[in-house]
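Asks: Model the structure of this input:
(one chain, ligands or ions: 1)
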Amino acid sequence: MNDKPIVLLTHPLPAEWVGSDLDGYQVILAEKGQKGIQGKLIEYLDRAAGILCLLDDPIPAGIIENAPQLKVISNLAVGVDNIDLAACNRLGIAVGHTPGVLTDSTADLTVALLLAVGRQLVAASEDARQGKWSSWDPTGWLGVDLKGATAGILGLGKIGSAVAKRLAAFECQIIFTNRSPKPEQARSLGAKQVSLETLLRESDFLCLHTSLTAETKGMIDREAFKLMKPTAILINAARGGVVNTADLLHALQSGQIRAAGLDVTDPEPLPPDHPLYQLKNCLITPHIGSATHGTRKAIARIALRNLALGIQGEPLEHCVNPQVYNHPG
Ligand code: DGY
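Replies: Reported below is the predicted structural model:
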């Protein structure tokens, strides 16, 4: 009989990232195509000590409550909106995440999306490929200037700050909202903290960098789009659920805003027949904010360390609910 602690792994990881880190466990790997804890993983759930999962693996209360041996859920992401945190807190289960290492790659992707949408890179490239580049056209493929534009950052956390820093270098005026006051960051970025209404009204580029919570779900909705400039560009590299998808579709179709660049969608993945894909003023990438070789490996390394520490009953390197260490159970 195998007496190694059981770890449920929802997706295979490259051997080069994992090294020998999973050698001490009985690893149960999900069947291909399954998300969350399903199929074979359910059979081992009542004996599992740890879960190593991805940001699109739902881990609801019903799963957590049926895992009496579970000590840790280690998410390969900074966002943990896929996990029922209230259930983990109630049952004393540590939840690990991976902040910091993906800040720069996600900020880079945000700016890449803004430049691609703002300068019509995809349409221009497609037209060139299709032989529609017959001469230098003084009015062809016109885009927007970054210099002098107002960039609004919704959520000046690590990634929001990194985006603000990059856009300040393009000589954008930076305004931002944040739950708490950020006077020092405002000073160092030459930025101004404003209300949500001012952010919506004044931003030429609105970049979303808030986590998905009950408070932020659907925050960018019909009412928000009504306040935005008809020339505004929306960039979302945070979580799809922060934007109401039906309202976004309407805003893009009706010219309430100019364009959108989305690295995240709701639902995710967005089905291939979704009307957003039909719009020329909407660029969609498949949640690749952190998708660089270095970042993804760094994320995996942190998640593996969080898993090991959690199974040993020690504080995780990056824990979203450190209060569980005082849990009576
Ligand atoms: C995260 O880690 O939450 C990011 O969305 C991954 O790109």
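
Asks: Only C-alpha atoms from now on, for both contacts and neighbour counts.
Replies: Noted.

Asks: isn't Gly310 right next to Leu70, touching?
Replies: No. In this structure Gly310 lies outside contact range of Leu70 using Cα atoms under 8 Å: 9.4 Å.

Asks: Can you get me a residue count around the closest residue to the ligand within the chain?
Replies: Nearest residue of the chain to the ligand: Ala77, at 3.1 Å (Cα to the nearest ligand atom). Per other Cα atoms under 10 Å, the neighbour tally for Ala77 reads 23.

Asks: Who are the contact partners of Arg277?
Replies: One correction, residue 277 is Tyr, not Arg. 283-284 (Cα atoms under 8 Å, 6 or more residues apart in numbering).

Asks: ok, 10 Å please
Replies: 270-271, 283-284 (Cα atoms under 10 Å, 6 or more residues apart in numbering).

Asks: Could you report the distance from it to Gly218?
Replies: Distance, Tyr277 to Gly218, by Cα to Cα, to the nearest Å: 20 Å.

Asks: same question, Val122
Replies: 28 Å.

Asks: Neighbour count: these two, which is higher?
Replies: Remark: of Val122 and Gly218, Gly218 carries more neighbours, 19 against 13, as counted by other Cα under 10 Å.

Asks: that older thread, what touches both of Gly310 and Leu70?
Replies: Counting by Cα under 10 Å, 6+ apart, the contacts common to Gly310 and Leu70 are 49-50, 93-94.

Asks: quick one: the helices in this structure?
Replies: Assigned by DSSP state H, the helices in the chain fall at 15-18, 39-44, 61-64, 85-91, 103-118, 121-129, 158-169, 183-189, 196-202, 222-227, 245-254, 293-311.

Asks: what ranges of the stretch 1-150 of the chain fall below the confidence cut-off?
Replies: Scanning the stretch 1-150 of the chain with the threshold set as pLDDT under 70 gives 1.

Asks: which bits of the chain sit near the ligand?
Replies: 77-79, 288-290 (Cα under 6 Å from any ligand atom).

Asks: make it 5 Å
Replies: Contact residues, the chain versus the ligand (Cα under 5 Å from any ligand atom): 77-79, 289-290.

Asks: Of those residues, select the buried ones using a ChimeraX command.
Replies: Only the buried entries of those go into this ChimeraX selection, using 16 or more other Cα atoms under 10 Å:
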select :77,78,79,289,290
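
Asks: Next, format the residues of the chain next to the ligand as CSV and append distance to Glu171.
Replies: Converted to CSV, the residues of the chain next to the ligand look like this (distance: Cα to Cα, whole Å):
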residue, distance to Glu171
Ala77, 31
Val78, 29
Gly79, 30
Gly289, 23
Ser290, 25
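
Asks: quick one, what contacts Pro275?
Replies: With contact set as Cα under 10 Å, 6+ apart, Pro275 has these partners: 246, 249.

Asks: make it 8 Å
Replies: Here Pro275 is in contact with Leu249 (criterion: Cα under 8 Å, 6+ apart).

Asks: now swap in the one 5 residues further on and tell me
Replies: By Cα under 8 Å, 6+ apart, the contact set of Lys280 is Ala123.

Asks: Most neighbours among the shared contacts of Gly310 and Leu70, which one?
Replies: Neighbour count (other Cα under 10 Å) singles out Ala94 as the most crowded of these, with 31 neighbours.

Asks: Hmm, Ala87 and that one touching each other?
Replies: No. Using Cα under 8 Å as the test, Ala94 is too far from Ala87 to be in contact (10.6 Å).

Asks: Would you mind giving me the confidence score for Gly329?
Replies: pLDDT, Gly329: 55.

Asks: Can you get me a residue count around Leu113?
Replies: Close neighbours of Leu113, defined as other Cα under 10 Å, add up to 25.

Asks: got it, and Pro14?
Replies: Neighbour count of Pro14, defined by other Cα under 10 Å: 9.

Asks: since we're on the residue lying closest to Asp247 once chain neighbours are set aside, how many residues are nearby?
Replies: Nearest non-adjacent residue to Asp247, counting by Cα to Cα, 6 or more residues apart in numbering: Arg222, 5.2 Å away. If you count neighbours by other Cα under 10 Å, Arg222 ends up with 18.

Asks: Would you mind measuring from Arg222 to Glu43?
Replies: Arg222 is 44 Å from Glu43, by Cα to Cα.

Asks: Residues contacting stretch 112-122, please?
Replies: With Cα under 8 Å, 6+ apart, stretch 112-122 has contacts from 141-145, 205, 233, 235, 259-262, 281-283.

Asks: out of the residues you listed, which are buried?
Replies: Among the contacts of stretch 112-122, those classed as buried by 16+ other Cα under 10 Å are 205, 233, 235, 259-262, 281-283.

Asks: Which residues lie in contact with the most centrally placed residue in the chain in this structure?
Replies: The residue lying closest to the centre of the chain (Cα atoms, centre = their mean) is Ala238, at 3.8 Å. By Cα under 8 Å, 6+ apart, the contact list for Ala238 reads 208-212, 263-264.

Asks: Tell me the pLDDT of it.
Replies: At Ala238, pLDDT is 98.

Asks: got it, and the one 3 residues further on?
Replies: In the prediction, the pLDDT value recorded for Gly241 is 98.
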